[in-house]
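Participant: predicted model follows, preceded by the sequence.
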Amino acid sequence: MIGEFLKLILFIPAIFFAYKTYKIYAIRKKYSHIPGPKTKGVIGFYLGNLSEALKYIKGGKLLADMMLDMCYEYGTVFKFQIVDKIVVFTIDPKAVKEVLIDENFPKVPEIYKQVGFPYNERYLGNGLLSDTDFSSWHKRRVLFNHGFQRNILLNSINELNSEFDMLMVRLRSLADGKTRINLLKEISHAALDIIANIAFSMNVDTINDPNNELNHYVYESLKGFYRQTFEPFLIFNPGEWKWLRDYKQIIRNLRNIGKKHIMKLDEKFNVDNMIDDFLTFFVAGQETSANTLAFCLLEIGRNPDVFEKLKNEIDTVLGSKAFIDNEDLTKLTYTNCVYKETLRMWPPIPEIARISTKDLTLNGYHIPANSWIEVSTYVSGRFEEYFENPHVFKPERFLYDSTNKKINNYTYFPFSLGARNCIGQNLAKLVGKILIAKFVQNFEIILDPAQNFGIIQEATLRPADGTQCFLLPRKN
Ligand code: HEM
């Protein structure tokens, strides 16, 4: 009897192993006509290119850096294998257009379920970012589109000016040339206040009260989300179950804040869906906007020539005028280029994945239906064929004059492209330009030489040390 039981115990894993082996064999065969890195030996057969990917991450690089190196080796359409999944990667401009715009392929449900319902707890739920069902997503996107148009956002230019004036006051109190300042943190606080104010007419003062509950729960919920993404096995460790309960409670507390606020608005829509979008705007908008600006100020600190040109433009257009209006913004051409160049080198969302719903041909290669296809503005932005001296921070490449040819839309897409592009991009650009202009008007920046200039990729890309610097008030 015991012998039979033991046989059964060994038989089940053997069947499972045989099934996995067959699955991997079949998938490798299906994509064998597409170029890509070879895998090594038996371990390579089962794990694919996982060990190469881990080498990049351990070496302080990004997965996207591995893709960039592979583009030089295998061309602009190639495949790689991670365990039993094969990903088709492309930065070919025609292919990018086809995947994101012409075919408008859906998002990958496996990725967005994690942020929608981590551990079966409703976090972003079916919010705009995580809803992978086209028709339910589309109904709500149409509702929100209007409020995010540039001309509508310009009605809030007073609020945007005042939020950043508050940040300037706070930074001035620290600008003695000796106090080390983490600019990422300071800008994150302002970004949260702006989203609360502009999107939900909420008065939150995170700039002066970083411990407020909205900031606390948004921050902690994101921290939990990263752990869940990068430590997928922690659920099996009983020692982590208390952490898991606390994480779920943080999500519930954040949703309760959203619920209380939405009830005040007396909305007629489904409350749970409204809470999903309440959380989505903070989660999708705060880190991305703040990280971009932290990278931008890091580049300004690293490139004194860029800082000088910015000062010239901003002093000429604004002088000591504190209020920045739409007319001023349209004149800040170089400032605009600095923002764009920052997003070329440091896009906070470096890669985007889609699932193909039909067979197609990319760059001559047949791509079967149900393929996981990845595109990356980070890789395109650093590919020498598309951008000359891509590792040099050169805002002038976005100045469209007779010496510069226009940048191809499908090689530069930090806000993604097509129907599921970033709804908050107009807000992010307004916020970005106003912050840069006010910062340059007010301060000299000295980067802390002791800081780590590396980058970290969690859900988004950010400067590892958060832009550590010393500030001095500008004499003008
Ligand atoms: C520099 C700042 C920002 C960058 C680089 C950025 C980038 C992106 C990208 C690449 C996507 C597509 C993601 C995907 O396909 O998985 C996206 C989607 C989205 N972003 Fe942004 N974003 C920024 C700021 C914002 C802001 C300020 C908000 C709102 C307050 C926002 C709200 C959203 C939402 C709701 C989506 C999902 C849109 C949909 O699928 O309908 N983002 N963003």
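Facilitator: Perfect, I can see it now.
Participant: alpha carbons only for contacts and neighbour counts from here, please
Facilitator: Will do.
Participant: which residues does the residue of the stretch 151-300 of the chain found nearest the ligand contact?
Facilitator: Sorted by distance to the ligand under C-alpha to the nearest ligand atom, the residues of the stretch 151-300 of the chain start with G285, at 3.4 Å. Shown in contact with G285 (C-alpha atoms under 8 Å, 6 or more residues apart in numbering): A191, I195, G424, A428.
Participant: ok, now how distant is it from I275?
Facilitator: When C-alpha to C-alpha, to the nearest Å is applied, the distance between G285 and I275 equals 15 Å.
Participant: what parts of the protein come near the ligand?
Facilitator: Within the chain, the positions adjacent to the ligand are 128-129, 141, 195, 280-281, 284-285, 288-289, 292, 347-349, 352, 414-416, 420-425, 427-428 by C-alpha under 6 Å from any ligand atom.
Participant: please pick the buried ones from these.
Facilitator: Of the members of the residues of the chain next to the ligand, the ones counted as buried by neighbours, 16 or more other C-alpha atoms under 10 Å, are 128-129, 141, 195, 280-281, 284-285, 288-289, 292, 347-349, 414-416, 420, 422-425, 427-428.
Participant: and this structure, what are its domains?
Facilitator: Residue ranges for the domains of the chain, per automatic domain parsing: 1-29, 31-102+362-413.
Participant: and whichever strand or helix holds L10, how far from the chain's centre?
Facilitator: Assigning secondary structure by DSSP states H and E places L10 in helix 2-30. For helix 2-30, the separation from the chain centroid amounts to 39 Å (computed by C-alpha atoms, centre = their mean, to the nearest Å).
Participant: which helices and strands sit right next to it?
Facilitator: helix 41-47, strand 85-90 (3 or more C-alpha pairs under 8 Å, 6 or more residues apart in numbering; DSSP states H and E).
Participant: so which of those is the most surrounded?
Facilitator: The highest mean neighbour count among those, using mean count of other C-alpha atoms under 10 Å, belongs to strand 85-90: a mean of 21.
Participant: quick one: strands adjacent to that strand?
Facilitator: For strand 85-90, the pairing partners within the sheet under DSSP bridges are strand 77-82 (antiparallel), strand 372-375 (parallel).
Participant: will you turn those strands into a markdown table that also has mean pLDDT and mean neighbour count?
Facilitator: As requested, the strands paired with strand 85-90 are exported to a markdown table (pLDDT from 0 to 100; neighbours: other C-alpha atoms under 10 Å):
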| stretch | mean pLDDT | mean neighbour count |
| --- | --- | --- |
| strand 77-82 | 96 | 22 |
| strand 372-375 | 98 | 22 |
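Participant: let's have those strands in JSON lines, adding distance to F134.
Facilitator: Formatted as JSON lines, the entries for the strands paired with strand 85-90 read as follows, by distance: least, C-alpha to C-alpha, whole Å:
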{"stretch": "strand 77-82", "distance to F134": "27"}
{"stretch": "strand 372-375", "distance to F134": "18"}
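Participant: so for this protein, the centremost residue is which one?
Facilitator: The centroid of the chain falls nearest to I349 when counting by C-alpha atoms, centre = their mean (2.8 Å).
Participant: might one say that that residue is in contact with E458?
Facilitator: No. I349 is beyond contact range of E458, at 9.8 Å (criterion: C-alpha atoms under 8 Å).
Participant: before we move on, the earlier item: quick one, what contacts the residue nearest to the centre of the chain?
Facilitator: When contacts are counted by C-alpha under 8 Å, 6+ apart, I349 is found next to T288, P414, A459, T460, L461.
Participant: likewise for K107?
Facilitator: For K107, the contacting residues are T132, A353, R354, I355, by C-alpha under 8 Å, 6+ apart.
Participant: can you list phi and psi of the last one for me?
Facilitator: Looking back up the chat, that one is I355. Recorded main-chain torsions at I355 are phi -110, psi 130, according to degrees, to the nearest 10.
Participant: and for the second one?
Facilitator: With angles defined as degrees, to the nearest 10, A353 sits at phi -120, psi 150.
Participant: return the set of residues that bridge with it.
Facilitator: A353 has these beta-bridge partners by DSSP bridges: E374.
Participant: run a quick neighbour tally on it.
Facilitator: The number of residues packed around A353, counting by other C-alpha atoms under 10 Å, is 20.
Participant: so for stretch 101-115, what gets flagged as buried?
Facilitator: Of the residues in stretch 101-115, those with enough neighbours to count as buried (16+ other C-alpha under 10 Å) are I101, N104, F105, P106, K107, V108, Y112, K113, Q114, V115.
Participant: give me the pLDDT value at the fifth one.
Facilitator: Among the per-residue scores, K107 shows a pLDDT of 96.
Participant: list the contacts of K40.
Facilitator: When contacts are counted by C-alpha under 8 Å, 6+ apart, K40 touches G48.
Participant: that one and I275: what is the separation?
Facilitator: Here the distance between K40 and I275 works out to 48 Å (C-alpha to C-alpha).
Participant: quick one: secondary structure of whatever residue of the stretch 1-150 of the chain ends up closest to the ligand?
Facilitator: Scanning the stretch 1-150 of the chain for proximity to the ligand using C-alpha to the nearest ligand atom identifies L129 as nearest, at 3.7 Å. Per DSSP: H, G, I helix; E, B strand; the rest coil, the local secondary structure of L129 is coil.
Participant: give me the spatial nearest neighbour of it, chain neighbours excluded.
Facilitator: Nearest non-adjacent residue to L129, counting by C-alpha to C-alpha, 6 or more residues apart in numbering: T280, 6.7 Å away.
Participant: what's the helix or strand for that neighbour?
Facilitator: Secondary-structure element containing T280, defined by DSSP H and E: helix 271-302.
Participant: what packs against the next helix-or-strand element following that helix?
Facilitator: Past helix 271-302, heading to the C-terminal end, the next element that is a helix or strand (DSSP H and E) is helix 304-318. For helix 304-318, the packing partners by 3+ C-alpha pairs under 8 Å, 6+ apart come out as helix 271-302, helix 326-331, helix 333-345, helix 425-442.
Participant: contacts only, for the closest residue to G125 other than its chain neighbours.
Facilitator: Nearest-residue entry for G125: G116, 4.0 Å, with adjacent residues in sequence omitted and distances by C-alpha to C-alpha, 6+ apart. Applying C-alpha under 8 Å, 6+ apart to G116 gives the contacts R122, Y123, L124, G125, N126, G127, S130, D131.
Participant: so G116 versus N270, what's the distance?
Facilitator: Looking at G116 against N270, where the rule is C-alpha to C-alpha, the gap reads 17 Å.
Participant: returning to that earlier point: least confident of the helices and strands packed on helix 2-30, on average?
Facilitator: Here the lowest mean pLDDT among the helices and strands packed on helix 2-30 goes to helix 41-47, at a mean of 93.
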